[in-house]
Structures are given as structure tokens and as C-alpha cells.
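K.L.:
Provided below for reference: sequence and predicted model.
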Amino acid sequence: MFNKEKKYFFTKRLLDIALAIILLIIFSPVCLTTAIAIKIDSPQGPILADVPPRVGKKRKRFKIYKFRSMIPNAHQLLREDPKFKKLYEEYKKNSYKLKKDPRITRVGAFIRKHSIDEIPQLINVLRGEMSVIGPRPYYFDELAEQQKKHPQTKKLIKQMLEVKPGITGLWQVSGRSDVDFEKRITLDAQYAQRKNLLDDMIILLKSPWVVISGKGAS
């Protein structure tokens, strides 16, 4: 017999699988168009982004699937290339977000604004690494650095990591990149603690407007 929490996770998983399959079918023409546009705009790099692993539920490491919106090796260059040293310092200072990022390609700027780059994460959902709705999937170094910068968030981070990260979530529909780290973690911890399918439905209904408007996109 399922208790309330197990019932929530079981139902959520069924909904995730159904939603991921439906959305992959619906967005398949968009995916094909995006892949072609990326290769035309930036032919030297891959279609999918080569990014470091993300932090999943219970701190489990996983590879996230995203359309490439930056120049090839963008993440490595930011951290290791001397010409990006000032940009990296700004990146860390601004809660791992940049308002103006020279690494973003022309196609990349558009697909990031409208969250098209995140469609391949539906594969992560089918693999069980992510949920459609959940907290932001952080990089390991980002989470460690932010925790040192904001030690008061340690408990909130632990609460957030009790659930799978999501493609969209409470912080995304509350301002996206305009929300600072401490507020973002607070929102995600609140979401993780509630474990309420009604919350998921509300977030899901709000997400299309955020995507269309591009509000708060980085």
C-alpha cells in the first residue's frame, strides 16, 4: 500500500512519461528545424551542447540534453581560457548568470529566450533523471560555489535535492534568471517539500506564457 509520498512520486512518474512522449511528438518539427539552424549558424560544433554533468536527486550525477546555444566548448573556455577570465568572475558574481554572454550564437539567443534549447531534456525525463516539473538542475561547481557564498542555504539545498530536477519549475514561472540564487533555492525547496500534484499543474499551466514571452530568460 502506497503512503502519500510514494503515491505522489508514482503518479508524477506516470505523468512525466506520458507528457514527455506527447511533447516530443508535438515538438519534433521544431527539433528538426532547430538542429538544421544550429548547423547552418555554427557548423563547427555539435547540435547538442557538450556541458558538464548536473546534480540530480540525492546528488546523483547525470548528463543533461540541450540544444547547443553557444560556441563549441563554451563551458570549458569560460573556465580555462584567460580571455574569458573577467567574464567568468562576472558569471560567478551574478549567481552563475550573464546578461550579455559573447559565447551565445545568433540561433542560440533565440532558442534560449524561448526555452527551445531545453526540449531535448524530455529525453532525460524518459530516462528517469529529470521530471517535467522540478527544481533547476545545477552544475556541481555552481552549487558548491553558491553554497559557500550563501551558507544559510545549506538546508534548502538539501531539501531541493530530495526531488528530481525539472525542465520547468516554480522559480522559472517566478522570474527565471531575474530571480537571485537565494530566492531561487527557497522557491525550489518549498516546491520539494510540498510534493503536491496541484502545484505541478499550476506550474505547467503557467510555463507556456513564460516560454512565449521569454520573460527573465538568460
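P.N.:
Done, it's in.
K.L.:
tell me, how many residues neighbour Ser131?
P.N.:
Neighbour count for Ser131, taken as other CB atoms under 10 Å: 25. From N, CA and C alone the C-beta is placed, and that goes for glycine too.
K.L.:
again, but for Lys12
P.N.:
Under the neighbour criterion other CB under 10 Å, Lys12 is assigned a count of 19.
K.L.:
one more: Ala144?
P.N.:
Using other CB under 10 Å: Ala144 sits among 13 other residues.
K.L.:
look up how far Lys92 lies from it.
P.N.:
To Lys92, Ala144 is 11 Å away according to CB to CB, to the nearest Å.
K.L.:
likewise for Gln152?
P.N.:
Distance of Gln152 to Lys92, computed by CB to CB: 18 Å.
K.L.:
out of those two, which sits in the more crowded spot?
P.N.:
Under the neighbour definition other CB under 10 Å, Gln152 and Lys92 were set side by side, and Lys92 has more, 14 against 9.
K.L.:
wait, what's in contact with that one?
P.N.:
Glu145 (CB atoms under 8 Å, 6 or more residues apart in numbering).
K.L.:
which positions in the helix or strand harbouring it come out as buried?
P.N.:
Lys92 belongs to helix 85-93 when assigned by DSSP states H and E. Residues of helix 85-93 classed as buried: 87-88, 91 (neighbour count, 16 or more other CB atoms under 10 Å).
K.L.:
how about the strands in this structure?
P.N.:
54-55, 61-62, 131-133, 166-168 (DSSP state E).
K.L.:
so which of those strands is nearest Asp101?
P.N.:
Nearest to Asp101, of all the strands of the chain, is strand 54-55, at 18.8 Å by CB to CB.
K.L.:
state the mean pLDDT of that closest one.
P.N.:
For strand 54-55, the mean per-residue pLDDT is 96.
K.L.:
run through who's touching stretch 105-114.
P.N.:
The contact list for stretch 105-114, computed with CB under 8 Å, 6+ apart, reads 34, 37-38, 40-42, 67-71, 104, 116-117, 211-212, 214, 217-218.
K.L.:
next: stretch 33-53.
P.N.:
Outside of stretch 33-53, the residues within contact range by CB under 8 Å, 6+ apart are 61-75, 105-108, 111, 116-117, 119-120, 139-141.
K.L.:
redo that, cut-off 6 Å
P.N.:
By CB atoms under 6 Å, 6 or more residues apart in numbering, the surrounding residues in contact with stretch 33-53 are 61, 63, 66-68, 72, 75, 105-107, 116, 139.
K.L.:
of these, buried ones?
P.N.:
Neighbour counting by 16+ other CB under 10 Å classes 66-68, 105, 107, 116, 139 among these as buried.
K.L.:
give me the distance between the helix or strand of the chain with the lowest mean pLDDT and the centre of its chain.
P.N.:
Least confident helix or strand, the chain: helix 85-93 with a mean of 81, by mean pLDDT, DSSP states H and E. Here the centre of helix 85-93 is set off from its chain's centre by 20 Å, with CA atoms, centre = their mean, to the nearest Å.
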